[in-house]
Structures are given as C-alpha cells and as structure tokens.
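1. I would like to see how this sequence folds:
(one chain, ligands or ions: 1)
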Amino acid sequence: MSINGWFPLALSDAITAGSSAGAIVKGLEVVVWRDDAGNAHAWEDRCPHRGMKMSFGFVRGDHIACLYHGWQYGVDGQCQKIPAHPELDVPKSICVNTYGAAEAGGMIWAALGEAGDAPTLPDATAVRSLYIEVPLNTALAALPSAVGAKGFTPEGPVARLDSRWGMLLVGLQEIGETSCALHIAVAGRATPETCAQIAMAAARLRDDVEAGVAA
Ligand code: FES
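-> Prediction:
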C-alpha cells in the first residue's frame, strides 16, 4: 500500500532533545527522534545493517546509534561510524531511509511518499496523545461530543474542533485497521488545569469507544 501525505507521529513535547520513539502509520514503522540541537527527524524504523528498529537505539548529539551493533547515523541518515571497524571509510550506500519532518500545531509530522506542502497550523499547547484500540473513524465519530464540539473540520490527518476549551487540534494517526492515535493540542497557550480537563475528557473518550459505549 502506498502512503502519501504528512502524518502526525507524536506531540512535540513528547520527543525531547536526545530522545526517540517508534510510531506506526498505516502499518509503516517510523522512528521519530530529536537531536541535541532540537531538530526533529523522521526515518524508516529500520537499521540497514540487520534490520533492528532504530527507535531502540540511542540519540547522542547529532546522530543516533543502533542498539544492536552500534552503527551511528547522522541527521542525513548516512552511516558515519561502524564501531567494529573504526578505521573504515563507511560507504555512502549505507544509509537509513529518511522522510521529511516538520513541526506544526504542537506535533511532529512526517512526509511520507508524495507529501506536498507541510501542514500549516497555529501555535498550540500539547495536551496528550491517546492510543486507542478501535478504527480511526470510530474514534473520530465520538470525538466532537467528548469535547463539547458540534462537529469538526477535517483537513486530512488533522481535525479542528471548536471545543468547550477553545480550538482543539487533533492529529489523526491511523496505526492500522483496528487501532489509531489521537495527538491532542489546544491552539494558543493553555493552563495546566485546562490541559488536565482536556486530557481527562480524552481518556474517557478512549475508554468509551474501546468499550463500545461512546455516543
Ligand atoms: S542491526 Fe543495526 S548496527 Fe547491526
């Protein structure tokens, strides 16, 4: 299946400098990581050596090292160092498959396939990411009532909802046919109390749709 477009992988706040995480978009495994300079990266979650997940590796400065044999990859995805062969001039052909990455609306986005322009969203306060064991459309159908909105404006993989707490931006990550993630942010600056209320409503949404009792 070809995957084309920009997709949210995580809330920006969740990937701090020097950290990484694995994400799945429609079955495609992606590693999202942030270097020490603060730049976010999205790559195929697969080491070209023996296929270990790069998300199991370690971020050090401007590179990420694979957990298995320690091969180190720079921000361009190129292998820079093979610890078992420190004198080796590493062939250019050894590189991780990289994707475009951008940050918008409090989320990190990856450009997969024919992606076009990066999403344009207002500055936002990250609230929480929810991982839900239902199809994305099921979660989406229950979302407006869960946050006091009349409906939502779908814009590809993001929904804007005029909620009781203001404009919510919800990044829509279809993990697979029966699971999804919602990355929730609120436009502008929000207090910790507001974020806590939104997070509680979101958790209820998750519990209700997984139990099959959502409106
Ligand atoms: S599998 Fe990654 S370095 Fe060997």
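2. now do the SS call for the closest residue to Lys150 other than its chain neighbours.
-> The shortest distance from Lys150 to any non-neighbouring residue, by Cβ to Cβ, 6 or more residues apart in numbering, is to Pro144 (6.4 Å). All C-beta atoms are positioned from the backbone trio N, CA, C, and that covers glycine. Classification of Pro144 using DSSP: H, G, I helix; E, B strand; the rest coil returns helix.
3. give the buried residues for stretch 177-192.
-> Ser179, Cys180, Ala181, Leu182, His183, Ile184, Ala185, Val186, Ala187, Ala190 (16 or more other Cβ atoms under 10 Å).
4. and the helix or strand hosting the third one, how far out from the chain middle?
-> Under the criterion of DSSP states H and E, Ala181 resides in strand 179-187. The chain centroid and the centroid of strand 179-187 are separated by 10 Å under Cα atoms, centre = their mean, to the nearest Å.
5. that strand packs against which elements?
-> strand 5-11, strand 124-132, helix 136-146, strand 166-176, helix 192-211 (3 or more Cβ pairs under 8 Å, 6 or more residues apart in numbering; DSSP states H and E).
6. to what extent is the closest residue to Glu44 other than its chain neighbours buried, counted in neighbours?
-> Residue nearest to Glu44 in three dimensions, not counting chain neighbours: Asn97, with 3.9 Å by Cβ to Cβ, 6+ apart. A count of nearby residues for Asn97, using other Cβ atoms under 10 Å, gives 11.
7. got the contact list for Asn97?
-> Asn97 is in contact with Trp43, Glu44, Arg46, Gly77, counting by Cβ atoms under 8 Å, 6 or more residues apart in numbering.
8. contacting residues for the third one?
-> Okay, so that is Arg46. Glu29, Met52, Lys53, Met54, Val96, Asn97.
9. try 6 Å this time
-> Neighbour list for Arg46: empty [criterion: Cβ atoms under 6 Å, 6 or more residues apart in numbering].
10. if I look at it, how far off is Ser163?
-> For Arg46, the distance to Ser163 (Cβ to Cβ, to the nearest Å) stands at 38 Å.
11. one more: the first one?
-> Taking Cβ to Cβ as the measure, Trp43 and Ser163 are separated by 34 Å.
12. out of these two, which sits in the more crowded spot?
-> Trp43 (25 against 21).
13. A helix includes that one, no?
-> No. Secondary structure of Trp43 (three-state DSSP): strand, not part of a helix.
14. any weak-confidence spans in this structure?
-> Along the chain, segments meeting pLDDT under 70 span 1, 214-215.
15. skipping adjacent residues, who's closest to Arg164 in space?
-> The nearest residue in space to Arg164 (Cβ to Cβ, 6+ apart) is Gly148, at 3.6 Å.
16. against Val59, how distant is that neighbour?
-> 39 Å.
17. what comes into contact with the helix or strand encompassing Ala110?
-> Using DSSP H and E, Ala110 falls within strand 107-112. By Cβ under 6 Å, 6+ apart, the surrounding residues in contact with strand 107-112 are 3, 6-12, 30, 32, 40, 42, 99-102, 119, 171, 183.
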